[in-house]
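Sharing a sequence plus its predicted fold:
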Amino acid sequence: MKPVAEGDRNTSCATLQDKVEIYEVVLRYCRGVDRADMDLVRSAYHPGAIDHHIGFDGSIDDFIQWLKDTISKYDSTTHIVGNHLASINGDRAVAETYGMGVHRVEQLDDPRNFTSGTRYVDRFERRSGRWAIVERWCVRDWARSDAGQSAPLGDGPRGSRSPDDPVLRALRWLDE
Amino acid sequence: MKPVAEGDRNTSCATLQDKVEIYEVVLRYCRGVDRADMDLVRSAYHPGAIDHHIGFDGSIDDFIQWLKDTISKYDSTTHIVGNHLASINGDRAVAETYGMGVHRVEQLDDPRNFTSGTRYVDRFERRSGRWAIVERWCVRDWARSDAGQSAPLGDGPRGSRSPDDPVLRALRWLDE
Amino acid sequence: MKPVAEGDRNTSCATLQDKVEIYEVVLRYCRGVDRADMDLVRSAYHPGAIDHHIGFDGSIDDFIQWLKDTISKYDSTTHIVGNHLASINGDRAVAETYGMGVHRVEQLDDPRNFTSGTRYVDRFERRSGRWAIVERWCVRDWARSDAGQSAPLGDGPRGSRSPDDPVLRALRWLDE
């Protein structure tokens, strides 16, 4: 991003707006996976999009089915993301988002407890004013087994794949 | 967030401003805990706020005392956050912030070395122009023991709970 | 950041723009290290900058050489960052960025597999309209050995230190 002169501030705001919209698409994807809300996952992609994943390569329709099956093997998943760097060129953008996927089952020594380090490399397009992914590479950079290191959760608020998850309850309060 | 038409750009900037203010409230909370600055922690909440935490449930006043006691059991804590997704409706907002809390003691095989995976689910309100938390659920999604995996820090800059922490020293330079 | 009145919205947009520019400097540093692109790393600093690192203390020129040697000991590095809190005062800023560096070699039980928890504490200056670092403290808050926990990567997209990395390929598409 080039520094902007004072008179370009409005253009600059438009770019910021685009960047936030693109970032939030990635975040809704993560929330969709972790809350097992496949409609929310799908909303991150345009129709006809392609996903290149660890253990999957194909269309978004097939991806959704594969994802649903895959997350059902775990009691929970948590997709934390950090660095999000989007480059925009008109109605096209490329965003790189660093993250980790924490896969958990209740039996603490089970080998399904593992964490993967990934970068989402996304080609975005804006169609009819909506930014969404047209092609994703889920790049695996590292992985770690948590079997035998995974620990009990303690007493307090718990996540869920049902409408009882605290964030979904709080969002209903917002519309009261 | 809906795509905005060109003429809505100013409104859109206001939303961006709100989102950054809300995000920075969460970040000041993290800095407050990790630097053991309870005034900074408190600044993230409105008076009368409620916190639902792992091992605590009650008012912000009681939470501050509990937090102070809890972090004193560790040589350091590090609260890293990622995904921050805020939904705003007038003077109300709900923000979900994914994160990890790394708890460390110098004795590397001590079971107090552990990492927790959490989502802060926050109900925010804007009062007198200031966004702050009115109710928080600190949702525990995963946990991992680091006993026996925790490693020495090597030679270089160190964090601190005193005014000597590098970020606090740098902030004093900013006002010179 | 103070709440702004309606009439200050443009000023506020300028601050947002500054914050994004500063954030993206940090992200380009991370991408530079992980893709072994030393020109990109260097672009995060002004000439004459100083870096205080774990195992290094000196000028940016010497740092680049040290960094190049250091990352060559690993098959890959991944520098994930989260909390980014910038305080701006005119043409000066201080930014604190929490993160983790995941160091990986293909031999999974090798002690070089480790993760470090760091905060980048950066003094920024804007010179000729460009924000960049003039002094950095890479504060080590925690560290963890991943020897024996590091896991195979599975079948799917892979990262690289060559122009074949998926993000670099996608960026070329952006300019087509």
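Good, I have the coordinates. Numbers count the residues shown, from 1 in each chain, chains lettered A, B, ... in the order given.

Could you identify the longest strand within chain A?
The residue-count maximum for a strand in chain A (DSSP state E) belongs to strand A:130-145.

how far out from the middle of the chain is it?
With C-alpha atoms, centre = their mean, to the nearest Å as the basis, strand A:130-145 stands 8 Å off its chain's centre.

Who are the packing partners of it?
helix A:9-34, strand A:45-53, strand A:114-127, strand C:76-89, strand C:92-104, helix C:166-174 (3 or more C-beta pairs under 8 Å, 6 or more residues apart in numbering or on different chains; DSSP states H and E). The C-beta positions use only the backbone N, C-alpha and C, and glycine is treated the same way.

try 10 Å
helix A:9-34, strand A:45-53, helix A:60-71, strand A:92-104, strand A:114-127, strand C:76-89, strand C:92-104, helix C:166-174 (3 or more C-beta pairs under 10 Å, 6 or more residues apart in numbering or on different chains; DSSP states H and E).

tilt between the longest one and helix B:9-34?
To tie it back to what came earlier, the one meant is helix A:9-34. Going by axes from the mean of the first three to the mean of the last three C-alpha atoms, to 10 degrees, helix A:9-34 is angled at 60 degrees with respect to helix B:9-34.

Would you mind listing the buried residues in helix A:9-34?
A:9, A:12-34 (16 or more other C-beta atoms under 10 Å in any protein chain shown).

before we move on, what about stretch A:166-176?
A:P166, A:V167, A:L168, A:A170, A:L171.

That one vs chain B: in contact?
Yes. Stretch A:166-176 is in contact with chain B by C-beta under 10 Å from any C-beta of the partner chain, via A:P166, A:V167, A:L168, A:R169, A:A170, A:L171, A:R172, A:W173, A:L174, A:D175, A:E176.

Now do the same contact list for the fifth one.
This means A:A170. B:S87, B:A93, B:V94, B:A95, B:E96, B:V121, B:D122, B:R123, B:F124, B:E135, B:R136, B:W137 (C-beta atoms under 10 Å, 6 or more residues apart in numbering or on different chains).

So what's the predicted local confidence for it?
According to the predicted model, the pLDDT of A:A170 comes to 97.

how about the nearest residue to it, chain neighbours excluded?
Nearest residue to A:A170 in three dimensions, chain neighbours excluded: B:V94, at 4.4 Å (C-beta to C-beta, 6 or more residues apart in numbering or on different chains).

most centrally placed residue in chain A?
Centroid check for chain A by C-alpha atoms, centre = their mean gives A:C30 as the closest residue, at 2.9 Å.

My understanding was that that one contacts B:Y98; is that so?
Yes. Counting by C-beta atoms under 10 Å, B:Y98 is a contact partner of A:C30 at 7.6 Å.

Show me whatever sits in contact with both of those two.
Residues touching both A:C30 and B:Y98 (C-beta under 10 Å, 6+ apart) are A:T78, A:H79, A:I80, A:V81, A:G99, B:G82, B:N83, B:L85.

For the third one, give its distance to C:V139.
So the one you mean is A:I80. The gap separating A:I80 from C:V139 is 21 Å, by C-beta to C-beta, to the nearest Å.

Between the two ends of stretch A:119-139, how far is it?
In stretch A:119-139, first residue to last residue: 5 Å (C-alpha to C-alpha, to the nearest Å).

List the buried residues of it.
A:119-126, A:131-139.

Could you measure from the nearest residue to A:W173 once chain neighbours are set aside over to A:D34?
Closest residue in space to A:W173, ignoring its immediate chain neighbours: B:R123 at 6.5 Å, by C-beta to C-beta, 6+ apart. Separation of B:R123 from A:D34 (C-beta to C-beta): 20 Å.

How about A:K19?
Distance from A:K19 to A:D34, by C-beta to C-beta: 23 Å.

start to end distance for stretch A:98-116?
So stretch A:98-116: terminal residues 11 Å apart, C-alpha to C-alpha.

Is it positioned near chain B?
Yes. Using C-beta under 10 Å from any C-beta, stretch A:98-116 reaches chain B at A:Y98, A:G99, A:M100, A:V102, A:H103, A:R104, A:L108, A:N113, A:T115.

for stretch A:152-164, what is the average pLDDT?
95.

Tell me how far it lies from the chain's centre.
Centre-to-centre, stretch A:152-164 and its host chain are 20 Å apart (C-alpha atoms, centre = their mean).

buried ones in it?
Buried, per 16+ other C-beta under 10 Å, within stretch A:152-164: A:L153, A:G156, A:P157, A:G159, A:S160.

Could you pull up phi and psi at the second one?
Geometry field for A:G156 lists phi and psi as phi 160, psi -170, criterion degrees, to the nearest 10.

Tally up the residues packed near the closest residue to it other than its chain neighbours, please.
Of all residues not flanking A:G156 in the chain, B:I54 sits nearest, at 3.6 Å (C-beta to C-beta, 6+ apart). Neighbouring residues of B:I54 were enumerated by other C-beta atoms under 10 Å in any protein chain shown; the total is 19.

and B:I54, what does it touch?
So B:I54 contacts A:153-158, B:70, B:101, B:116, B:118, B:138-140, B:143 (C-beta under 10 Å, 6+ apart).

got it, and A:R144?
A:100, A:102, A:113-117, B:144, C:102, C:104, C:108, C:113, C:115, C:144, C:146, C:149-151.

and it, bridged to which residues?
A:R144 has these beta-bridge partners by DSSP bridges: A:T115, C:S150.

Equivalent analysis for A:H103, please.
Counting by DSSP bridges, the residues bridging with A:H103 are A:T77, A:F114.

for it, what are its contacts?
Under the contact definition (C-beta under 10 Å, 6+ apart), the residues listed for A:H103 are A:70-71, A:73-79, A:112-116, A:146, A:150, B:142.

so what's A:I88 bridging to?
A:A93.

That one reaches A:R123, doesn't it?
No. The pair A:I88 / A:R123 is not scored as a contact, 11.9 Å apart, by C-beta under 10 Å.

Show me whatever sits in contact with both of those two.
Joint contacts of A:I88 and A:R123 (C-beta under 10 Å, 6+ apart) are A:V94, A:A95, C:L174.

which one of these is nearest chain B?
Proximity of the shared contacts of A:I88 and A:R123 to chain B (C-beta to the nearest C-beta) peaks at A:A95, which lies at 14.0 Å.

Against chain C, how distant is the residue nearest to A:G154 when sequence neighbours are not counted?
Spatial nearest neighbour of A:G154, excluding adjacent residues (C-beta to C-beta, 6+ apart): B:I54 at 4.6 Å. With the distance defined as C-beta to the nearest C-beta, to the nearest Å, B:I54 ends up 19 Å from chain C.

per-residue confidence at B:I54?
92.
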